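Enquirer: Return atomic coordinates for the entry below.
(one chain, ligands or ions: 1)
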Amino acid sequence: MPDEPLELRPMRSRDAEDLATLRLATAEAGLLTAIGRRPLEVFFRLAADDPDTIGFVAREDGPLLGYALCTTAAVRLQRSAIRSSPRLWLAAAALAIRDPRLLGSAIRRLRALASPRRVPQDVEPALRLFDIAVTQDSRGRGLGRRLLDATIAAARERGYPAMGLSVLADNERALRLYGSSGFVPNQRGVRDDGQTYITMRLSLRMSGEPEGSDAGS
Ligand SMILES: CC(C)(COP(=O)(O)OP(=O)(O)OC[C@H]1O[C@@H](n2cnc3c(N)ncnc32)[C@H](O)[C@@H]1OP(=O)(O)O)[C@@H](O)C(=O)NCCC(=O)NCCS
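Expert: Numbers count the residues shown, from 1 in each chain. Here you go, the predicted structure:
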């Protein structure tokens, strides 16, 4: 639309503050919203400069309208962000008091990220769509699709063989977006908080290319 120029471009470290705002605005109440801005800003600053991470943002004139980020380094980035914020443990405790069902998962997640011996085992493929989000008012206008398309194209260009993701089974909008972009469901599981999730995988190989080794991911 000529009167609403949309900027879709790779994420930069100076987007970190705006990305933290966007992420907090689009997150459901939970550990993420309890931890405060600081670790999120650190996470996005590191992610924007990380060679194993691909991120895109969408912006019109004002604030960011959406972003998508995929990475092979989610654990490393989250650990660095967590170490920057001792307040996280307090946030987990506060969360547990408000919603005791979340205590187990919050503590497990933080311990896994804090200890080198507790690295969560990412199943293949190693490149994961870590997150995609569009502000509430801008949904349904095709931004999510454009962000995802740009991320997939960049991943393919860099030679990654596949992209994986995990999505809650009741997130119909995201499931439709992923399905129509070629992601295929492969597993179902139940999170600590009782919510069912689905893992999905997209092959990034061009048709005719063999599904061989995943070198480069
Ligand atoms: C998922 C999300 C990123 C999609 O962004 P969006 O900008 O609304 O998506 P788009 O407008 O590009 O639409 C993409 C597809 O979503 C589906 N969709 C869009 N609006 C929908 C609606 N109201 N109901 C159901 N599906 C819908 C359609 O399949 C659409 O494809 P189409 O355009 O070919 O019909 C956005 O809804 C969001 O930020 N959700 C909250 C965060 C989230 O759940 N992220 C995913 C974590 S796994």
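Enquirer: the strands in this structure, which residues?
Expert: Counting by DSSP state E, the segments of the chain that form strands are 7-10, 53-59, 64-71, 128-134, 162-168, 184-190, 196-203.
Enquirer: Figure out which of the ones you listed is closest to residue 79.
Expert: strand 64-71 (12.8 Å; C-beta to C-beta). The C-beta positions use only the backbone N, C-alpha and C, and glycine is treated the same way.
Enquirer: Just list what that closest one packs against, helices and strands only.
Expert: helix 16-26, strand 53-59, strand 128-134, helix 143-157 (3 or more C-beta pairs under 8 Å, 6 or more residues apart in numbering; DSSP states H and E).
Enquirer: just so I know, which of the ones you listed lies nearest the ligand?
Expert: Closest of those to the ligand is helix 143-157, at 2.2 Å (criterion: C-beta to the nearest ligand atom).
Enquirer: who touches the closest one?
Expert: The contact list for helix 143-157 (C-beta atoms under 8 Å, 6 or more residues apart in numbering) reads 6, 8, 10, 54-56, 58, 65-70, 127, 129, 132, 134, 163, 173-174, 177-178, 181, 202, 204, 206.
Enquirer: Say whether the ligand is contacted by that helix.
Expert: Yes - under the criterion of C-beta under 6 Å from any ligand atom, helix 143-157 makes contact with the ligand via 143-145.
Enquirer: okay, now residue 158: neighbour count?
Expert: 14 (other C-beta atoms under 10 Å).
Enquirer: all numbers from here: first residue = 750
Expert: I'll keep to 750 as the first residue from here, and by that count the last item is residue 907.
Enquirer: For the chain, what lies in contact range of the ligand?
Expert: Residues of the chain lying near the ligand (C-beta under 6 Å from any ligand atom): 775, 881-883, 888-894, 916, 920-923, 925-926, 929.
Enquirer: which among the residues you listed end up buried?
Expert: With burial judged by 16 or more other C-beta atoms under 10 Å, the buried subset of those is 775, 881-883, 890, 892-893, 916, 923, 926.
Enquirer: give me the low-pLDDT residue ranges for this structure?
Expert: Along the chain, segments meeting pLDDT under 70 span 750-753, 778-783, 835-874, 957-966.
Enquirer: Who does residue 817 form a beta bridge with?
Expert: residue 805, residue 881 (DSSP bridges).
Enquirer: was I right about it contacting residue 772?
Expert: No - Residue 817 is not in contact with residue 772 according to C-beta atoms under 8 Å; the separation is 12.0 Å.
Enquirer: shared neighbours, these two?
Expert: residue 880.
Enquirer: In terms of neighbours, single out the busier of those two.
Expert: Neighbours were counted for residue 817 and for residue 772 using other C-beta under 10 Å; residue 817 has more, 27 against 21.
Enquirer: and the more buried one, what does it touch?
Expert: Residue 817 neighbours (C-beta under 8 Å, 6+ apart): 804-805, 878, 880-881, 893, 896-897, 899-900.
Enquirer: Fine by me, thanks again.
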